[in-house]
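Asks: sharing a sequence plus its predicted fold:
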Amino acid sequence: MSYYFTILSPTDVPLFNIAFGTSKSGGDGIARFRFPDTAQYMNQFIIHSSLDVVEEAQWMNGNMYLKHIDTYPPASAYISAFLTPSGARFLLLHQPPQLPSNSAGAGGSMSGSLLLGSGGSSSRASASSVAANPTSPQTEEAVRQFMTEVYENYVKTVMSPFYRQGMEIKSSVFRGRVTAAGRKWL
Amino acid sequence: MSSATKASRIGEELWKTRVDKVNAELVTLTYGTIVAQLCQDYDGNYHEVNKQLEKMGYNIGMRLIEDFLAKSNVGRCANFRETADMISKVGFRIFLNIAPTVTNWTSDNNQFSLIFDENPLADFVELPDDGRAQDELWFSNILCGVLRGALEMVQMQIEAHFVSDVLRGDDTTEMRVSLVRYIEDEMPPDEE
Amino acid sequence: MTQPARHAAMLSISNSGPNTMAGEKQQSTQHMHTQSQPSQGLRVPSNRKTIYDRHLNRSRSAELSRASFAFLFAEMVTYAQRRVTGIQDLERRLNEQGYPLGLRLLDLLYYRTMSSSTSSSLSSSSTSASPPNRPLRILPLLHLIHGPLWRLLFNRPADALEHSVSPETPNEYMITDNDPLVNTYISVPKEMSMLNCAAFVAGIIEGVCDGCGFEAKVTAHNQPTEMWPGRTIFLLRFGESVMEREKVLERAGVK
């Protein structure tokens, strides 16, 4: 499973982003997106195209963690969202590894028409746990834990009197904390 | 009983019985707001911000000493060493509920350091990552002014400045305090 | 196999920057891209302690001297006074200084409610489930301010919460504090008798409202009574978009 996590301000300015891979089931924590060359742009595009869904859900459901809210079938990408009360959005894109042949993988069938072009980027076997099924209750729970841990660190960031809403989060310590949370839960 | 121990007891007792309290975070966040506002108004000229903070502290110190004397009911200190203990163990205790360590005296007993293991003013704070703030800004500089203002009202001219701050990446937060002179009784306090 | 159209019904009620053009979004993402070089970063002490190592609840029940707050706050007002043209300008400036605090306190409040084992009633709309709900309607937002926010700041709830009785101003709500801490020690000069330093607190409230997606203007007004000479009313005026959304959510059964 590969992940792309981003924090957007209430006015959609990206404050932080990071790509990583699963550390579960022997994963090495490195992201392997299906289209490595364009992954960065693709991921941002997919995340932004899910914002309408987020904004809709935001007012129907008062939870901070909105769980899996959107799917982008062409890239087998799943989006989970977490909203801070002050209006920042945490968005996590997860993309299951592409299997060599057509088999398991929840996104497999949907991405069938787009299997070309990614070369041998996913030699790893499909993981059996969190990674295997982006919408399972176990995954939802793991993502919730991840989001909650990031939120704690986010609050520490914004509590500083020098932090103003909408400022990019550049702290390497913060990045380290998000990485650690990813390793721990995803 | 050493003057330090005695001062400690007075401070603890006053803190428990004579001090009206508020939520610490309200104080912390209000101070943070002040510093951030100054940095914005002075456009990141941190030297000027330090100066302004010191000035604010001086104003506070001149008024705070009355409150201090009224509450503590302590008499005149016999020497600067006693003054140092009074500042750390009674003054800081009453107003910030901390007691910075008094240390690093010079041989003439006119200079000492206050080491702050805790500093409620700086809770939650991370300095701006602009390559300058950590070299130029003394976030808690208001405290230097408070000491100068307060001591001037009791006939002591002192000079105080920070020499290190954990917010800057230093291992300790240390303020250096020097006695300049005792002000003669008949002289009015220095105009600033 | 493309995604369904997303610009559906509820778009009109989204709060923040939904009108951002796709082009702008594109731009901001590219901006981000170029910025992601590692910065030199801040120095940290050799024990490597940073704000991220400090528990957010560490000072939760800590206390400091009320006089220290009064001294600092008075300096803040005096300093602000030097840079303004009149009372209104001064109140605006105090309001602006409170605003970012409101945003901070909001996140801190929710963090604390999430992290405390005994889930308190942060929002009146929250069910028994432990993570607190974000307020979706005006009423839970007001309860959040009147209760948890006031307790965090002043260790007690505010004294009253009212809705405007005038049919002309259904968007106006009032929160009363009989004895605001910020006015206790501040003696306002005669020529500024209209000044209410609680404008700072009004700014905090405004930050909380805005943060939650309820655009509002909040002002502080002196309303002394014989018993409470410092009594202050915080007047909250919600924007039109908020009132419209209220109607939509009401119909949708959102509480």
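Replies: Happy to help now that I have it. Just so it is clear, the model here is predicted, and its values are computed rather than measured.

Asks: report the separation between the residue positioned nearest the centre of chain B and chain A.
Replies: In chain B, the C-alpha nearest the mean C-alpha coordinate belongs to B:L143, at 3.2 Å (CA atoms, centre = their mean). As judged by CB to the nearest CB, to the nearest Å, B:L143 and chain A stand 16 Å apart. No exception for glycine: its C-beta is placed from N, CA and C like everyone else's.

Asks: what's near enough to touch the residue in chain C that chain B sits nearest to?
Replies: Nearest to chain B in chain C, going by CB to the nearest CB, is C:R43, at a distance of 2.7 Å. C:R43 sits next to B:134, B:168-169 when contact means CB atoms under 8 Å, 6 or more residues apart in numbering or on different chains.

Asks: now, which of the residues you listed sits nearest B:K71?
Replies: Among the contacts of C:R43, B:R168 lies closest to B:K71 (CB to CB), at 33.3 Å.

Asks: element containing the residue lying closest to the closest one once chain neighbours are set aside?
Replies: Excluding its sequence neighbours, the residue lying closest to B:R168 (CB to CB, 6 or more residues apart in numbering or on different chains) is B:Q134, at 4.7 Å. Element membership for B:Q134, per DSSP states H and E: helix B:133-136.

Asks: so how far is that helix off the chain centroid?
Replies: 20 Å (CA atoms, centre = their mean, to the nearest Å).

Asks: other residues contacting it?
Replies: In contact with helix B:133-136 (CB under 8 Å, 6+ apart) are residues A:162, B:39, B:44, B:46-47, B:50, B:127, B:167-169, C:42-43.

Asks: ok so, going back, can you tell me how far the residue nearest to the centre of chain B sits from A:F146?
Replies: Applying CB to CB, to the nearest Å, the value for B:L143 to A:F146 is 40 Å.

Asks: same thing with A:T139?
Replies: Relative to A:F146, A:T139 is positioned 10 Å away (CB to CB).

Asks: before we move on, the earlier item: okay, and the residue nearest to the centre of chain B sits in which element?
Replies: Per DSSP H and E: B:L143 is located in helix B:142-153.

Asks: report the buried residues of the helix or strand immediately after that helix in the chain.
Replies: Using DSSP H and E, the helix or strand that follows helix B:142-153 towards the C-terminus is strand B:156-164. The neighbour-count check on strand B:156-164 (16 or more other CB atoms under 10 Å in any protein chain shown) flags B:156, B:158, B:160, B:162, B:164 as buried.

Asks: the second one: what's it in contact with?
Replies: Okay, so that is B:I158. Contact partners of B:I158, counting by CB under 8 Å, 6+ apart, are B:147-148, B:151-152, B:177-180.

Asks: which residues of the chain score low on pLDDT?
Replies: I went with chain A, as the question did not name one. For chain A, applying pLDDT under 70 flags the ranges A:99-132.

Asks: sorry, should have said chain B
Replies: For chain B, the stretches flagged by pLDDT under 70 are B:1, B:185-192.

Asks: in it, what residue is nearest chain C?
Replies: Closest to chain C within chain B is B:G169: 2.7 Å, counting by CB to the nearest CB.

Asks: need the three-state assignment for the most centrally placed residue in chain A.
Replies: The residue lying closest to the centre of chain A (CA atoms, centre = their mean) is A:L92, at 2.1 Å. Under DSSP: H, G, I helix; E, B strand; the rest coil, A:L92 falls in the strand class.

Asks: just the C-alpha atoms of the lengthiest helix in chain A, please, in PDB.
Replies: Identified as the longest helix of chain A according to DSSP state H is helix A:137-159. Extracted C-alpha coordinates of helix A:137-159, given in PDB (Å, rounded to 0.1, in the frame of the first residue of the first chain):
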ATOM      1  CA  PRO A 137     -13.200  -1.700   9.500                       C
ATOM      2  CA  GLN A 138      -9.600  -2.500  10.400                       C
ATOM      3  CA  THR A 139      -8.200  -0.100   7.900                       C
ATOM      4  CA  GLU A 140     -10.700   2.600   9.000                       C
ATOM      5  CA  GLU A 141      -9.500   2.200  12.600                       C
ATOM      6  CA  ALA A 142      -5.800   2.200  11.600                       C
ATOM      7  CA  VAL A 143      -6.400   5.400   9.600                       C
ATOM      8  CA  ARG A 144      -8.300   6.900  12.600                       C
ATOM      9  CA  GLN A 145      -5.400   6.200  14.900                       C
ATOM     10  CA  PHE A 146      -3.000   7.700  12.400                       C
ATOM     11  CA  MET A 147      -5.100  10.800  11.900                       C
ATOM     12  CA  THR A 148      -5.500  11.300  15.700                       C
ATOM     13  CA  GLU A 149      -1.800  11.100  16.200                       C
ATOM     14  CA  VAL A 150      -1.100  13.600  13.500                       C
ATOM     15  CA  TYR A 151      -3.800  15.800  15.000                       C
ATOM     16  CA  GLU A 152      -2.000  15.900  18.300                       C
ATOM     17  CA  ASN A 153       1.200  17.100  16.600                       C
ATOM     18  CA  TYR A 154      -0.800  19.500  14.500                       C
ATOM     19  CA  VAL A 155      -2.200  21.100  17.600                       C
ATOM     20  CA  LYS A 156       1.300  21.500  19.000                       C
ATOM     21  CA  THR A 157       2.300  23.300  15.900                       C
ATOM     22  CA  VAL A 158      -0.600  25.700  15.900                       C
ATOM     23  CA  MET A 159      -0.300  26.500  19.600                       C
END
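
Asks: residue 60 - how many residues pack around it?
Replies: Using chain A. Neighbourhood size, A:M60 [other CB atoms under 10 Å in any protein chain shown]: 14.

Asks: I was after chain B.
Replies: Applying other CB under 10 Å, we find 24 residues neighbouring B:I60.

Asks: for the closest residue to chain A within the stretch 51-200 of chain C, which non-adjacent residue is spatially closest?
Replies: Going by CB to the nearest CB, chain A is nearest to C:N133 of the stretch 51-200 of chain C, at 3.3 Å. Spatial nearest neighbour of C:N133, excluding adjacent residues (CB to CB, 6+ apart): A:G62 at 3.3 Å.

Asks: how much space separates that neighbour from C:L249?
Replies: In terms of CB to CB, A:G62 sits 11 Å off from C:L249.

Asks: phi and psi next, for the residue found closest to C:L181 once you drop the neighbours it is linked to in the chain.
Replies: Leaving out its chain neighbours, the residue that sits closest to C:L181 by CB to CB, 6+ apart is C:F154, at 5.5 Å. Reported as degrees, to the nearest 10, the phi and psi values for C:F154 are phi -120, psi 10.

Asks: sorry, back to before: from the contacts of B:I158, which would you call buried?
Replies: Among the contacts of B:I158, those that count as buried by neighbour count (16+ other CB under 10 Å) are B:147-148, B:151-152, B:177, B:179.

Asks: list the contacts for A:G182?
Replies: A:G182 sits next to A:3, A:5, A:18, A:20, A:23, A:29, A:146 when contact means CB under 8 Å, 6+ apart.

Asks: mind doing that once more with 6 Å?
Replies: A:F20 (CB atoms under 6 Å, 6 or more residues apart in numbering or on different chains).

Asks: just the strands in the stretch 101-250 of chain C please.
Replies: C:160-163, C:172-177, C:216-222, C:232-238 (DSSP state E, counting those that start in this stretch).

Asks: now for the last one, which elements pack on it?
Replies: Strand C:232-238 is packed against strand C:172-177, strand C:216-222, with contacts defined by 3 or more CB pairs under 6 Å, 6 or more residues apart in numbering or on different chains; DSSP states H and E.

Asks: kindly recompute the last result at 10 Å.
Replies: Where contact means 3 or more CB pairs under 10 Å, 6 or more residues apart in numbering or on different chains; DSSP states H and E, strand C:232-238 is packed against helix C:138-144, strand C:160-163, strand C:172-177, helix C:199-211, strand C:216-222.
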